[in-house]
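> This is the structure alone, sequence omitted:
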């Protein structure tokens, strides 16, 4: 059986309130499994404006219509307006996702702070951010999280080590081709990675004449005939709202291609996690994204 895990990153207050319920409804109708990863602290999306000086960032903003997808109010949070605390305000919404049968996990505490700050952060900074998110998750759901997926595919060695120390069973913090055990600076981290294997819709739209109307068919052409397991990352702010019809087209197309649409836990359950290959992780560019992301590197000997 071919499996395709759906990993849903929920970055913002707006995405939590509007995108998440729409995705729960669609996935339920399509009888598809999925993993929802929540931002659990303040929504400081407006502070992302500091990325304007990063190579490629403004080009991506123009391609993907950030204002259209995120809304003006969201882009003011943390700059002109105080950022609403997502976990504190939206606990009931998050529990509805779990109660509907979907896997839930941790994305981050403060999405912009993590994405922009973790690469150069020390262990104390990382531990504060991750333990805050774990504590809020536990408060909301009454149990500790078992899955972690880093905001913006941004991590460092301290954060990888903490996925192990904090008890996560699996993580999806990087881009890659297949599940593996990560090795960083020669150190094995005993928390398997199920990397995102497919490009995201916002990475494809606006490139090589791909439009919002054609992006689903383009992605389906990439997966047509593939036999291995895949992980697709989507966002509540995009596929849960303006790109919802495109996402529904993907779900229907993937089922026609013979994929079973599952959560990351379901995919992990089919793997012998103790026998996964070890791969170094490193930072590299990914087409359609600005800056460098954590990526699966070469297989590690031994």
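It's in. Note that the structure is predicted; figures quoted are calculated from it, not measured.
> and the gap between residue 98 and residue 3?
According to C-beta to C-beta, to the nearest Å, residue 98 stands 21 Å off from residue 3. Every C-beta, even on glycine, is put in place using the N, C-alpha and C of the backbone.
> out of those two, which sits in the busier spot?
Each of residue 98 and residue 3 has its neighbours counted (other C-beta atoms under 10 Å); residue 3 has more, 18 against 15.
> what is the mean pLDDT for the helix or strand harbouring that one?
Residue 3 belongs to strand 2-10 when assigned by DSSP states H and E. Strand 2-10 comes out with an average pLDDT of 97.
> ok, now stretch 15-33?
So the average pLDDT for stretch 15-33 ends up being 97.
> Can you get me the start-to-end distance on that stretch?
Stretch 15-33 has its terminal residues 19 Å apart, counting by C-alpha to C-alpha, to the nearest Å.
> Can you pull out the low-pLDDT segments for the stretch 151-300 of the chain?
Residue ranges of the stretch 151-300 of the chain with pLDDT under 70: none are present.
> same question but for the stretch 1-150 of the chain, I mixed them up
Within the stretch 1-150 of the chain, the stretches with pLDDT under 70 are 47-74, 76-78, 80.
> Now do the strands in it.
In the stretch 1-150 of the chain, the strands defined using DSSP state E, counting those that start in this stretch lie at 2-10, 35-39, 103-108, 147-148.
> Give me the helices and strands touching the second one, please.
With contacts defined as 3 or more C-beta pairs under 8 Å, 6 or more residues apart in numbering; DSSP states H and E, the secondary structure elements packing on strand 35-39 are strand 2-10, helix 86-89, helix 91-99, strand 103-108, strand 147-148.
> quick one: contacts of that strand?
Contact with strand 35-39 is made by 5-12, 16, 20, 23, 86-87, 94, 97, 102-111, 137, 147-149, 151, 172, 236, 263-265, as judged by C-beta atoms under 8 Å, 6 or more residues apart in numbering.
> how about 7 Å then?
5-11, 20, 86, 94, 97, 102-108, 111, 147, 149, 263-265 (C-beta atoms under 7 Å, 6 or more residues apart in numbering).
> go on, the first one?
Strand 2-10 is touched from outside by 16, 20, 23, 32-39, 107, 149, 172, 194, 196, 227, 229-236, 254, 258-264, 267, 270, with contacts defined as C-beta under 7 Å, 6+ apart.
> Mark which of those residues are buried, thanks.
With burial judged by 16 or more other C-beta atoms under 10 Å, the buried subset of the contacts of strand 2-10 is 16, 20, 23, 32-39, 107, 149, 172, 194, 196, 229-236, 254, 259-264, 267.
> what's the single longest helix in the chain?
In terms of residue count, the longest helix belonging to the chain (DSSP state H) is helix 123-141.
> Next, the angle strand 35-39 makes with that one.
For helix 123-141 against strand 35-39, the angle by axes from the mean of the first three to the mean of the last three C-alpha atoms, to 10 degrees is 120 degrees.
> List the buried residues for helix 123-141?
In terms of neighbour count (16+ other C-beta under 10 Å), helix 123-141 has its buried residues at 125-127, 129-130, 132-134, 136-137, 140-141.
> what's the answer for stretch 86-98, then?
Buried residues in stretch 86-98, counted by 16+ other C-beta under 10 Å: 86-87, 90, 93-94, 97.
> Looking at those residues, spot the one nearest residue 181.
residue 97 (28.8 Å; C-beta to C-beta).
> how about the nearest residue to the closest one, chain neighbours excluded?
residue 36 (5.1 Å; C-beta to C-beta, 6 or more residues apart in numbering).
> Quick check: the gap between that neighbour and residue 26.
Residue 36 is 13 Å from residue 26, where distance means C-beta to C-beta.
> what are the ranges of the strands in the stretch 151-300 of the chain?
Counting by DSSP E, counting those that start in this stretch, the stretch 151-300 of the chain has these strands, from start to end: 170-171, 181-184, 187-188, 230-235, 259-262, 278-285, 292-299.
> you'd agree residue 24 is up against residue 97?
Yes. Residue 24 is within contact range of residue 97, at 5.8 Å (criterion: C-beta atoms under 7 Å).
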